[in-house]
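task: produce atomic coordinates for the following.
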Amino acid sequence: MQTADQLIANQQWRQVVRLLAPAHARTAQMNYDYGLALAHLGQWQEAGAALQAGGRLAPTDPRFPIELAGIAYSRKDYPRAARLLRQALKLAPGDAYANNFLATIYFLQGNTAAALKYWNRVNKPFIAAVRAEPTPRVSPALLDHAFAFSPAATMSLAQYQDSEERIGGLGIFP
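Here you go, the predicted model:
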């Protein structure tokens, strides 16, 4: 018989559910695996219940709020997803996945400042190149100086805000 780890490695989510569903007293890890499998099957409510149960057994494990945030995100409940990710980051401030995920949620909500705060923790966003299409009717040198960040670098919040102000001052973009 295959173990839950083997089934998960092979992404056999239905088999994981069949293996773990009958267990009466699941450990935190079993609840995590069960919740993960249910989430992959789109069974959000049951997945959430399993992950919450696992989180109660292991309250310092950031995987539980991260996965619960994934469920909230899938249901387009961005405020709940953000709240859960902030909770996870209190437990593991350097978690690259959680920082990137939270930044993405803030970006989707139109909160660029918050997005940059969390992206900067994982050295993002990396600016590969800057181009304006269509090309504005302004000197390329003047436009280049309007950007406070450099291509091939990570953009900070201060650089973003400074660039926005400079570009706005040019009066060339609607």
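
how near is the spatially most central residue of the chain to residue 155?
Nearest to the mean C-alpha position of the chain, by C-alpha atoms, centre = their mean, lies residue 101 at 0.7 Å. With the distance defined as C-beta to C-beta, to the nearest Å, residue 101 ends up 19 Å from residue 155. C-beta: built from backbone N, CA, C; applies to glycine.

picking that back up, list the buried ones in the one helix or strand the residue nearest to the centre of the chain maps to?
Assigning secondary structure by DSSP states H and E places residue 101 in helix 96-108. Across helix 96-108, burial judged by 16 or more other C-beta atoms under 10 Å covers 98-107.

how about it as PDB, C-alpha atoms only?
What follows is helix 96-108 as a C-alpha-only set of coordinates in PDB (Å, rounded to 0.1, in the frame of the first residue of the first chain):
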ATOM      1  CA  ALA A  96       9.400  33.700   0.000                       C
ATOM      2  CA  TYR A  97       6.200  32.000  -1.300                       C
ATOM      3  CA  ALA A  98       4.000  33.800   1.300                       C
ATOM      4  CA  ASN A  99       5.700  37.100   0.700                       C
ATOM      5  CA  ASN A 100       5.200  36.800  -3.000                       C
ATOM      6  CA  PHE A 101       1.600  35.600  -2.700                       C
ATOM      7  CA  LEU A 102       0.700  38.400  -0.400                       C
ATOM      8  CA  ALA A 103       2.300  41.000  -2.700                       C
ATOM      9  CA  THR A 104       0.300  39.500  -5.600                       C
ATOM     10  CA  ILE A 105      -2.900  39.800  -3.700                       C
ATOM     11  CA  TYR A 106      -2.200  43.500  -2.800                       C
ATOM     12  CA  PHE A 107      -1.300  44.200  -6.400                       C
ATOM     13  CA  LEU A 108      -4.600  42.700  -7.600                       C
END
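
and it, what does it pack against?
Contacting helix 96-108 under the criterion 3 or more C-beta pairs under 8 Å, 6 or more residues apart in numbering; DSSP states H and E are the following elements: helix 63-74, helix 78-91, helix 112-120.
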